[in-house]
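**Student:** what's the 3D shape of this:
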Amino acid sequence: MTRLQTHDLSAGYLKAPVLADINIAFPDGLVTALIGPNGSGKSTLLKTLARILSPERGTVLLDGKAIHSQTSKAVARTMGLLPQGPLAPEGLTVRELVAQGRFPHQSLLSQWSTQDQAAVERAMQVADVTSFAERPVDSLSGGQRQRCWVAMALAQETDLILLDEPTTFLDLKVQVELMELLRSLAHDAGRTLVIVLHELSLAAAYADHLVMLKEGKVVCAGEPSKVFTSAWLKEVFDLDANILTDPATGRRVCVPYANPKSS
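**Tutor:** Model prediction:
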């Protein structure tokens, strides 16, 4: 049994179904990427995993217990969430933002402690934001800001982290740097990451486990070497593409092409 999994999960908005009968076990200590066309249900699934949306049917299990029966604070001590396009209040410094990650550990009887301070310092160091810790978040570049939000999630000191399109609007070099950081959190620190991604080759390169969704259902799931294929990309995305293997890294790369028959 993995720590995070779904059973016959269906969810949506205002009784409009988006997800139907989702059964996924997210491998512990690895990076899982959720990919699929726009409207396939990727972000809806992530929000349901994060307890933001309630399922219409089925359940999300966290450590064997229904996550929607647990309190928000209890879940936040176990699972961190980086939503899509987060915004920091104007003037908030990097250190102040990262410190927000300690909120789940605060209570009336347990205020800010040396343990909290140490967690913030460790998170900033891992995310490589210490050098601009006193600068306002809104003064930073897109890549720097995203690393600050990752640092905040790390300060929660959770074993599971969910991220919704963390590479959107970033330059390719910055995307790669961020994905290297996220993968190291799994492979070097044993954290479990679930990431919604649009960039197919980025997902294949950095994920240990791929889940392809289409029209609210899981079409296929598994290691990139097994499911990141021309046939599955055609089935899920209606994309004609060759899949190449980088001889230096062994990573799979998607090379789209125009199909004359479809013109």
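**Student:** Confirm that residue 44 sits in a helix.
**Tutor:** Yes. Under DSSP: H, G, I helix; E, B strand; the rest coil, residue 44 falls within a helix.
**Student:** That one: neighbour count?
**Tutor:** 22 (other Cβ atoms under 10 Å). Every C-beta, even on glycine, is put in place using the N, C-alpha and C of the backbone.
**Student:** From residue 225, how far out is it?
**Tutor:** 28 Å (Cβ to Cβ, to the nearest Å).
**Student:** what sits against residue 101?
**Tutor:** Contact partners of residue 101, counting by Cβ atoms under 8 Å, 6 or more residues apart in numbering, are 80, 119, 120, 123, 151, 152, 153, 154, 155, 156.
**Student:** State the pair within those residues that is farthest apart.
**Tutor:** The span of the contacts of residue 101, defined through Cβ to Cβ, is set by 80 and 120 at 13.9 Å.
**Student:** the helices in the stretch 1-150 of the chain, which residues?
**Tutor:** Along the stretch 1-150 of the chain, the segments classed as helices by DSSP state H, counting those that start in this stretch run 42-49, 72-76, 94-99, 114-126, 142-155.
**Student:** between the last one and helix 114-126, how big is the angle?
**Tutor:** Following axes from the mean of the first three to the mean of the last three Cα atoms, to 10 degrees, one obtains 150 degrees for the angle between helix 142-155 and helix 114-126.
**Student:** Which elements pack onto whatever helix or strand comes next after helix 142-155?
**Tutor:** With elements assigned by DSSP states H and E, the helix or strand that comes after helix 142-155 is strand 160-164. Applying 3 or more Cβ pairs under 8 Å, 6 or more residues apart in numbering; DSSP states H and E, one finds that strand 160-164 contacts helix 42-49, strand 79-82, helix 142-155, strand 192-196.
**Student:** TSV for the ones you listed, including distance to residue 167 and mean pLDDT?
**Tutor:** Shown next, in TSV, are these (distance: least, Cβ to Cβ, whole Å; pLDDT from 0 to 100):
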stretch	distance to residue 167	mean pLDDT
helix 42-49	14	96
strand 79-82	11	95
helix 142-155	8	95
strand 192-196	9	98
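**Student:** out of those, nearest to residue 18?
**Tutor:** helix 42-49 (4.5 Å).
**Student:** about what we covered before: could you provide the contacts of residue 101 in TSV, with additional columns for distance to residue 240 and neighbour count?
**Tutor:** Output for those, formatted as TSV (distance: Cβ to Cβ, whole Å; neighbours: other Cβ atoms under 10 Å):
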residue	distance to residue 240	neighbour count
80	38	25
119	48	20
120	48	24
123	43	24
151	40	27
152	40	28
153	37	24
154	40	25
155	44	27
156	42	23
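**Student:** need the contact list for residue 187.
**Tutor:** Residues near residue 187 by Cβ under 8 Å, 6+ apart: 29, 30.
**Student:** In a markdown table, list the helices of the stretch 1-150 of the chain along with distance to residue 192.
**Tutor:** Below are these laid out as a markdown table (distance: least, Cβ to Cβ, whole Å):
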| stretch | distance to residue 192 |
| --- | --- |
| helix 42-49 | 11 |
| helix 72-76 | 14 |
| helix 94-99 | 21 |
| helix 114-126 | 16 |
| helix 142-155 | 13 |
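**Student:** if we compare those helices, which one ends up closest to residue 258?
**Tutor:** Nearest to residue 258 among the helices of the stretch 1-150 of the chain is helix 42-49 (25.9 Å), distances taken as Cβ to Cβ.
**Student:** For the helix or strand containing residue 174, give the mean pLDDT please.
**Tutor:** Using DSSP H and E, residue 174 maps to helix 172-187. When pLDDT is averaged along helix 172-187, the result is 95.
**Student:** okay if I get the helices and strands packed on strand 160-164 as a markdown table plus distance to residue 234?
**Tutor:** Shown next, in a markdown table, are these (distance: least, Cβ to Cβ, whole Å):
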| stretch | distance to residue 234 |
| --- | --- |
| helix 42-49 | 19 |
| strand 79-82 | 31 |
| helix 142-155 | 32 |
| strand 192-196 | 21 |
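**Student:** Minimum distance to residue 181: which of these has it?
**Tutor:** Nearest to residue 181, of all the helices and strands packed on strand 160-164, is helix 142-155, at 6.7 Å by Cβ to Cβ.
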